[in-house]
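Q: Structure of the sequence below:
(2 chains)
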Amino acid sequence: MKNGASRRDFFTSKTFSLMLIVAALMALFTALTKGAMVNPLNIRNIFKEMTIMSFLSVGAAVLMLSGDVDLSAGAIGSFAGCVLALALMESGLPAWICYILAMLTGTACGFVNAFLVNALHFQSFIATLCTSSVLGGVGFMLIGGQGLKVKGVALLNWLGDTKLLDGLLPVTIIISLVFIIVYGVILAKTRFGRSVYLCGGNRQAAYLSGLYPTKLSYILFMNSGFLASVSGCIYVSQVKTAYANSITSYQFTGLTASILGGVSFMGGAGGMSGCFLGMLVLSVFYNGVTTMGIDYNYRTIFNGVLLVLGLGLDAVNARRKTRRALRRSLAASPAPNGRED
Amino acid sequence: MGQYVEFRGISKAFPGVQALRDVSFRIDGGRVTALVGENGAGKSTLLKILSGDLAPDEGVLIIDGAEKKFSHPNEAIKTGISVIYQERQLIPALSVMENIFLDDLPCNRVGILRVREIRRQAREIIESFGLRIDPDAPVARLPVAYQQMVEIMKAYRRDSRVIAFDEPTAPLTDAEIDILFKLIGRLRDEGKVVLYVSHRMAEIFRITDDIAVMKDGQLVETRETARTDERALISAMVGRDVGDTYAKLSRNDRIGDVLLEVNGLETEKVHNVSFTLRRGEVLGFAGLVGAGRTEVMRALFGVDDVIAGEIRLEGEPADFTSPRRAIDAGLALCPEDRKEQGLILPRSIAENISAPVLKKVSKGVFIDTDAERRLADASVEKYSIKTPTVSKITYELSGGNQQKVILARWTSEMMTTKVLILDEPTKGIDVGTKAEVYQMVCDYAKEGKGVIFISSELTEVLSLCDRIIVMRDGYVSGELTREEATEERVLALAMTDVGGES
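A: Take a look at the predicted model:
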């Protein structure tokens, strides 16, 4: 009985509908590309597609769960990439220190966001819009419009180009998956993760229950900045060039994946498994579209359409769930005139 | 001739509950009809069907002889039905007159508001109700009671034939309730259909003519108010004879030494507040809404800044800088406002209950979900919260059950509370559970803990508390022992001049 109910819950769950979408997309594109979609190399490409987006999406999801949004993640990541490239080419410091420097830069930008939101009470939407704008400009000042090429850095080449298992498994994919799993466990299992949900669900009530929403907000904005900088560094490692807007467009992809995965824009609801599946849906789609030879730039159309489809399916599911529960309760309850007295 | 509303065979189901089952009864105009029942009996659902918020699965409404099926609240409004909910449906930033005319603002031919006309008409309505409210004042600046008056005037202006009130007195003080009842009396005398939903027995006997009793989604009976008494009514609601709630309480009679001492407490909102709480004592806080009772507690609990004064818990200075520290030191504050300060709505019952004791349901950094579920299960049973599982999202619970979840959070077995502060804990919960809350308060006292009990329901304060502090305008205006306290004395201390403000 209990198992039956939970199985039914699973089949009407967000996770399940996302898995359906992934499967349907795979099938569709496999048919359309005459099987080119499912060869191992292409599966790798699907995950590779996901790498840059994944860090941004994870950061966005965690922050959104707490009730805020970071529109500067793309700018922070790009800026951190510029810092990395400059440090590598100009400073003469060891490469690993340059990476740490870039990530510290991202985290510091996150701190600025947190300060604007918590100390000056800006809406996160507005605060991050400001920082995004400023950072984009500063990045351009540092690098210029041509971008900065990075040559001859061993660590960078290793990180960007190493592939394990006969070229099937790039290091960057491993890093991305590790991050997703670690954040998933933190959110679902730990006290810290719980406090994210509680503060996101109702900041004031959480504070009165002994949590520290302000402190948490600082941590999460800094975390978002940190993850953005990781994303930016990986981009530079793969492409070997830093641009002032290298990963800006990925930011919206990351947000889309989180929302598609069921993370509530109001905070307090959603999880990492949904977020991961959201990324997968997008990556499969982009990959399929590219494999079919459709212009990569058309993908934003699909971005929007997928989001509408995903959320629409959600609404239909919720209604179905309600109707089923209703029938069940009608069947289970005694006849109307079965009243005592 | 007379106006009436008839429910005929109304049924409605939600996921997991049959909220209404074949409810049929008739409400006549020119009389005030009470709708009573425990939490989850189906009163709110019935109101929502009346107001067009929900469509019934089966059954129809008959209004003045015509069958109605609303699929949208607008249709109900056009038919002349107004439901006045606990959560007021006004637009705070707009003025009184704009709110009164909200859905039908008089405009000239090009669509520009005829402000002078609106003001004149609004003033007429306000005066006809004998109120002194400035039509240009933004609603947000009015006291809660007056906001409610604005809602009534809005309903009146629409020329509503049917006006239903959902627990209208919950946020009001006794003086404000008098004004409200005068207005309701006037609506009745004009022959309107008035439906009155409340948990408060005294009020029901004071202003209603008929009573419809609901239980578990069904109509138990309707009876004339004059031909029944409180006890018979309660047993009809509960389904058994509960006897006199207060007489049956097993009170604590051993009051010990001083536990909490407050001296000259000064915050932005309250001034020079001093009182003591002893072990085993139930200390009541009475006063009008906005008198500063909640603000004193917020200062104790480390939420509001203390400007001056001294707080001592068991003799030690206790100037807490955050709720966390207050909780760790043994304070528990069960807040008044369910949705703003109480519940974390998108999360489950279990997560809500474990929130202040997260560390205790954890192993290292990980949450021990088994321990958490055990804690929540125990609370669900203790307060008979109606839910299939503790993983149900609190958003989906009925109002009364939500209130119980908050109580459960602050009185769970893992809280190591020395001073329990309850701010309007019985607001919106049914008679049966009220008795349980009272007994819980007494049990805390028996264990040598201190309880601070804030309530606007005077009978409750008078019957339960060992001592009563009365507040007015941010000051303590008096202190009464259980023996000295009468309704009149408390009211005299709580009020300056009644009504009149705007």
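Q: which non-adjacent residue is nearest residue 95?
A: Picking chain A for this. Excluding its sequence neighbours, the residue lying closest to residue A:95 (CB to CB, 6 or more residues apart in numbering or on different chains) is residue A:155, at 3.9 Å. Any C-beta I mention is one placed from the backbone N, CA and C, and that applies to glycine too.
Q: nope, chain B
A: residue B:136 (5.1 Å).
Q: re earlier: find the helix or strand that the residue nearest to residue A:95 is a member of.
A: Assigned by DSSP states H and E, residue A:155 belongs to helix A:154-161.
Q: Point out where chain A drops to low pLDDT.
A: A:1-9, A:11-12, A:310, A:313-314, A:317-318, A:320-341 (pLDDT under 70).
Q: ranges for the helices of it?
A: In chain A, helices defined by DSSP state H lie at A:2-11, A:14-32, A:40-65, A:73-86, A:95-118, A:124-143, A:154-161, A:171-189, A:191-201, A:203-208, A:213-239, A:248-260, A:272-291, A:299-332, listed in chain order.
Q: try the stretch 151-300 of chain B
A: B:174-189, B:201-207, B:230-238, B:293-300 (DSSP state H, counting those that start in this stretch).
Q: among the ones you listed, which is the most enclosed?
A: When you average the neighbours per residue for each of the helices of the stretch 151-300 of chain B (mean count of other CB atoms under 10 Å in any protein chain shown), helix B:293-300 leads with a mean of 25.
Q: re earlier: format the helices of the stretch 151-300 of chain B as CSV; extra columns: distance to residue A:191 and mean pLDDT.
A: Compiled in CSV, these are given as follows (distance: least, CB to CB, whole Å; pLDDT from 0 to 100):
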stretch, distance to residue A:191, mean pLDDT
helix B:174-189, 44, 85
helix B:201-207, 44, 87
helix B:230-238, 40, 79
helix B:293-300, 26, 92
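Q: can you redo the ones you listed as CSV with distance to chain A?
A: Shown next, in CSV, are these (distance: least, CB to the nearest CB, whole Å):
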stretch, distance to chain A
helix B:174-189, 26
helix B:201-207, 22
helix B:230-238, 10
helix B:293-300, 9
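Q: Compare the ones you listed and give me the one nearest residue B:52.
A: helix B:174-189 (20.2 Å; CB to CB).
Q: distance between that closest one and the chain's centre?
A: The chain centroid and the centroid of helix B:174-189 are separated by 18 Å, computed with CA atoms, centre = their mean, to the nearest Å.
Q: and it, what does it pack onto?
A: Applying 3 or more CB pairs under 8 Å, 6 or more residues apart in numbering or on different chains; DSSP states H and E, we find helix B:174-189 packed against helix B:144-157, strand B:193-197, helix B:201-207.
Q: and among the ones you listed, the most buried is which?
A: By mean count of other CB under 10 Å, those have strand B:193-197 as the most buried, with a mean of 25.
Q: quick check: angle from that strand to helix B:174-189?
A: Here the directions of strand B:193-197 and helix B:174-189 differ by 150 degrees (axes from the mean of the first three to the mean of the last three CA atoms, to 10 degrees).
Q: Which stretch among the helices of chain A approaches residue B:341 most closely?
A: Proximity to residue B:341 (CB to CB) singles out helix A:203-208 among the helices of chain A, at 5.3 Å.
Q: Quick check: nearest residue in space to residue A:266, chain neighbours excluded?
A: Residue A:266 sits nearest to residue A:67 (CB to CB, 6+ apart), 6.9 Å away.
Q: Look at the residue nearest to residue A:45 when sequence neighbours are not counted and say how many residues are nearby.
A: Nearest residue to residue A:45 in three dimensions, chain neighbours excluded: residue A:287, at 5.7 Å (CB to CB, 6+ apart). Per other CB atoms under 10 Å in any protein chain shown, the neighbour tally for residue A:287 reads 23.
Q: right, and residue A:287 touches residue A:46 too?
A: Yes: assessed by CB atoms under 8 Å, residue A:287 is found in contact with residue A:46 at 4.7 Å.
Q: so residue A:51 touches residue A:174, yeah?
A: No: the criterion here is CB under 8 Å, and residue A:51 misses it with residue A:174 at 9.8 Å.
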